[in-house]
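> any chance you could fold what I've pasted below:
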Amino acid sequence: MTEHARDITQALVLAAGRGRRLNHDQPKPLFPLLGVPLLARSLFTLEAAGITDAYVVLGHNADEVRAAIDGIDRLKIRIHWLYNPDWERANGLSVLTAESLLDQPFVLAMGDHLFEAASIEVLTDGAGSLQGIDLLVDRQHLNGEHDLAEATKVRLDGDRIVEIGKSLDPFDGLDTGLFLASPEIFEALREAGAEGEESLSDGVQKLAASGRARAVDGGELFWHDIDEPEDARVAHGKLLAGLRTAKDGPIATLLNRPISTRISAHVVKTSMTPNQVSFATLLVSLIAAVVVTGATYPTLLLGGMLFHFASVLDGVDGEVARLKFQSSRQGEYVDTVCDSIAYVAFLAGLTVAAYRAPVPDLLFWNGVAATVACTLGLINIALYLSKQGESGSARTVRYGYQKPQKAGLLTWFLRKVHYLGTREMFSYGAMVAGISGYMLYGLVIPGVLSVIVLIPITIKILARSRQPRVKVPVGPSVRTLDKAPVRAAGPLVLSGARVTAAPAEAATEPTTQEV
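Residues are numbered from 1 along each chain as shown. Got it, this is the predicted structure:
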């Protein structure tokens, strides 16, 4: 983030509406989308973007909404509850409820719009040159991804908003419902209100008339307005599609993710936590390990299929954590440990099967070598992460041969071996080998690779993990400034409404640890 972006720590969130068109019994801010109420999604996203204080304007069933959001303990952003008694009128009146509280530029968000944290950063990067109001505008998705009849549209002259409204035709972009506003918006809304125009768009139009309304191109950034059941259905699909990552290999992309995201879509509607999913995945892996010890074609086939199914489930814990904003270093570490136990248990099961089956003794000894080397390697990685890493995920560990600038035949070979050892590829290979009937002969591959690759790397990791960390004073980092913990002094009273003040924890993203 830029210096100006870091100065923006307050947000005003409009969540006063009823939401009749959603056909939902609860108030619209509490409409559950993949296990999280709409308003909570907005607040979690603002928190992830570095916003420390959210002024939330309620109206319809305000007490019910407030009680539900206050009950979400993991939501650490400070929430200042405001009430708009005229909530059934235009939304500009909801903005005016915060007029006496916000005297610096702030983010203005709609409580029924989905957006991503990156959108806040793009929007607030222009805080230093803010005049009036900036609006994040979508100029890329004008072909029907959104309900154009209901969307608020903008007509532009360069980066300046000329007109804004639902009935514009032609138009140059869509209003995403995300603004960076100066206190000038309050005066503009009062001017518009004196003329009988009470919507936020009317206030923006007033600023646009004097050249003080600017459009910020949102590019391909995700957003969605939730007004009707069809909007929720489309947003549901977009959120699930967004779970795919650049780190996904072909097996994960083509086979695992399409299944795991469907499972996650059901799990998020329950009280099941990501850690519980990790333990359930481990249980399936252990069952697979026990089954393969039968050393017959049916048991090897069933064990291989169960182990691959566990690999599919292995994606669910992370997906649930992202969908429900439950990601944590502890959760990453639990997933890493469970994965490690699953690897070792399955290799041990295959080794037992090789001992019992009528196959060459060499396969048994390859299994022993692979099990021992894998055990030592995974234990050392876990220890390394616990001592050195800011993330608990083994996926954040990067070996020297994974550097983009590295080249050569050995580097190419090590990268291929690394991919073969990933959970998705290893489990898929086990399933295919089980189907073919040659699973035990596949022990040669991990056995040989353990001796020539895994054991040397393990020794290197162990040596580095025992070295003391040297901190070089290079000045405060951007991450430290962005994510400094905020401590609340306690309950406050503003305009007769109690303010829920909760400490905001320092949020960090997984970092890459090189070994």
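
> point out where this structure drops to low pLDDT.
Scanning the chain with the threshold set as pLDDT under 70 gives 1-6, 142-147, 389, 396-403, 405-406, 410, 414, 417-421, 451-515.

> run the chain-centre distance for the longest strand along it.
The strand that spans the most residues within the chain, counting by DSSP state E, is strand 173-181. With C-alpha atoms, centre = their mean, to the nearest Å as the basis, strand 173-181 stands 22 Å off its chain's centre.

> counting contacts, what elements does it pack onto?
strand 106-110, strand 113-115, helix 117-124, strand 133-138, strand 153-157, strand 223-225 (3 or more C-beta pairs under 8 Å, 6 or more residues apart in numbering; DSSP states H and E). The way it works is simple: take the backbone N, C-alpha and C, and place the C-beta from them, glycine included.

> and the next element down the chain from that strand?
Of the helices and strands lying after strand 173-181 in sequence (DSSP states H and E), the nearest is helix 184-194.

> who touches that next one?
Applying C-beta atoms under 8 Å, 6 or more residues apart in numbering, the external contacts of helix 184-194 come out as 92-93, 95-96, 99, 108, 132-133, 179, 198-200, 202-207, 212.

> now with 7 Å, please.
Among residues not part of helix 184-194, those counted as contacts by C-beta atoms under 7 Å, 6 or more residues apart in numbering are 92, 95-96, 99, 132-133, 198, 202-203, 206-207, 212.

> got a list of what the closest residue to H24 other than its chain neighbours touches?
Nearest residue to H24 in three dimensions, chain neighbours excluded: F31, at 5.2 Å (C-beta to C-beta, 6 or more residues apart in numbering). Contacts for F31 (C-beta under 7 Å, 6+ apart) come out as 19, 22, 24, 37-38, 226.

> thinking again about what came up before, return the longest strand of the chain as CSV; C-alpha atoms alone will do.
Once non-C-alpha atoms are left out, strand 173-181 reads as follows in CSV (Å, rounded to 0.1, in the frame of the first residue of the first chain):
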residue,chain,number,x,y,z
GLY,A,173,-19.1,1.6,-16.6
LEU,A,174,-20.9,0.2,-13.6
ASP,A,175,-21.0,1.5,-10.0
THR,A,176,-19.4,-1.2,-7.9
GLY,A,177,-20.8,0.3,-4.6
LEU,A,178,-17.3,1.0,-3.3
PHE,A,179,-16.2,4.6,-2.8
LEU,A,180,-13.4,6.6,-1.3
ALA,A,181,-15.3,9.6,0.1
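
> partners of it, with directions?
Counting by DSSP bridges, the strands paired with strand 173-181 are strand 106-110 (antiparallel), strand 133-138 (antiparallel), strand 153-157 (antiparallel).

> return the distance of the next helix or strand after the last one from the chain's centre.
Later in the chain than strand 153-157, the nearest helix or strand by DSSP H and E is strand 160-165. Between the mean C-alpha location of strand 160-165 and the chain-wide mean there is a distance of 33 Å, by C-alpha atoms, centre = their mean.

> buried residues in strand 160-165?
161-165 (16 or more other C-beta atoms under 10 Å).

> mind giving me the packing neighbours of the host helix or strand of W81?
Taking DSSP H and E as the criterion, W81 maps to strand 78-83. If you count contacts as 3 or more C-beta pairs under 7 Å, 6 or more residues apart in numbering; DSSP states H and E, strand 78-83 packs onto strand 53-58, helix 62-70, strand 497-500.

> return the most buried member of the ones you listed.
strand 53-58 (a mean of 25; mean count of other C-beta atoms under 10 Å).

> give the other helices and strands that that one contacts.
Using 3+ C-beta pairs under 7 Å, 6+ apart, strand 53-58 sits against strand 10-15, strand 78-83.

> which residues sit against it?
Strand 53-58 has contacts (C-beta under 7 Å, 6+ apart) with 9-16, 43, 46, 65-66, 77-84, 94, 97-98, 101-102.

> about what we covered before: contacts for the longest strand of the chain next, please.
105-110, 113, 115, 119, 123-124, 126-127, 130, 133-139, 142, 146, 151-154, 156, 164, 215, 218, 223, 225.

> ok, 6 Å please
The contact list for strand 173-181 (C-beta atoms under 6 Å, 6 or more residues apart in numbering) reads 106, 108-110, 113, 115, 119, 123-124, 133-139, 151-152, 154, 218, 223.

> got it, and stretch 219-230?
21, 112-116, 119, 140, 150, 176, 232, 235.

> what residues sit buried inside whatever helix or strand comes next after the strand holding W81?
Following strand 78-83 in sequence order, the next helix or strand is helix 92-96 (DSSP H and E). Judged by neighbour count using 16+ other C-beta under 10 Å, the buried positions of helix 92-96 are 92-96.

> just the contacts of F31: which are in helices?
L38 (DSSP state H).

> kindly reformat the contacts of F31 as a markdown table containing neighbour count.
Output for the contacts of F31, formatted as a markdown table (neighbours: other C-beta atoms under 10 Å):
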| residue | neighbour count |
| --- | --- |
| G19 | 21 |
| L22 | 20 |
| H24 | 15 |
| P37 | 22 |
| L38 | 25 |
| I226 | 24 |
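
> list the strands paired with the strand holding W81, with their directions.
strand 53-58 (parallel), strand 497-500 (antiparallel).

> at the geometric centre of the chain, which residue do we find?
Centroid-nearest residue in the chain, with C-alpha atoms, centre = their mean: R322, separated by 4.0 Å.

> next SSE downstream of the helix or strand hosting it?
Using DSSP H and E, R322 maps to helix 297-323. Heading C-terminal from helix 297-323, the first helix or strand you meet, by DSSP H and E, is helix 329-356.

> mind listing what's buried along that following helix?
For helix 329-356, by 16+ other C-beta under 10 Å, it's 329, 331-355.

> dump the helices and strands packed on strand 78-83 to JSON lines, plus distance to R257.
Listed next are those as JSON lines, based on distance: least, C-beta to C-beta, whole Å:
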{"stretch": "strand 53-58", "distance to R257": "33"}
{"stretch": "helix 62-70", "distance to R257": "31"}
{"stretch": "strand 497-500", "distance to R257": "37"}
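
> relative to F309, which of the ones you listed is closest?
Closest approach to F309 among the helices and strands packed on strand 78-83 is made by helix 62-70 (35.7 Å; C-beta to C-beta).

> list the contacts of the closest residue to D314 other than its chain neighbours.
In this structure, D314 finds its nearest non-sequential neighbour in T281, 5.3 Å apart by C-beta to C-beta, 6+ apart. Counting by C-beta under 6 Å, 6+ apart, T281 makes contact with 310, 313-314.

> now do 10 Å
Neighbouring residues of T281 by C-beta atoms under 10 Å, 6 or more residues apart in numbering: 309-317, 335, 338-339, 342.

> kindly report the same for Q10.
46, 51-55, 78, 80, 98, 101-108.
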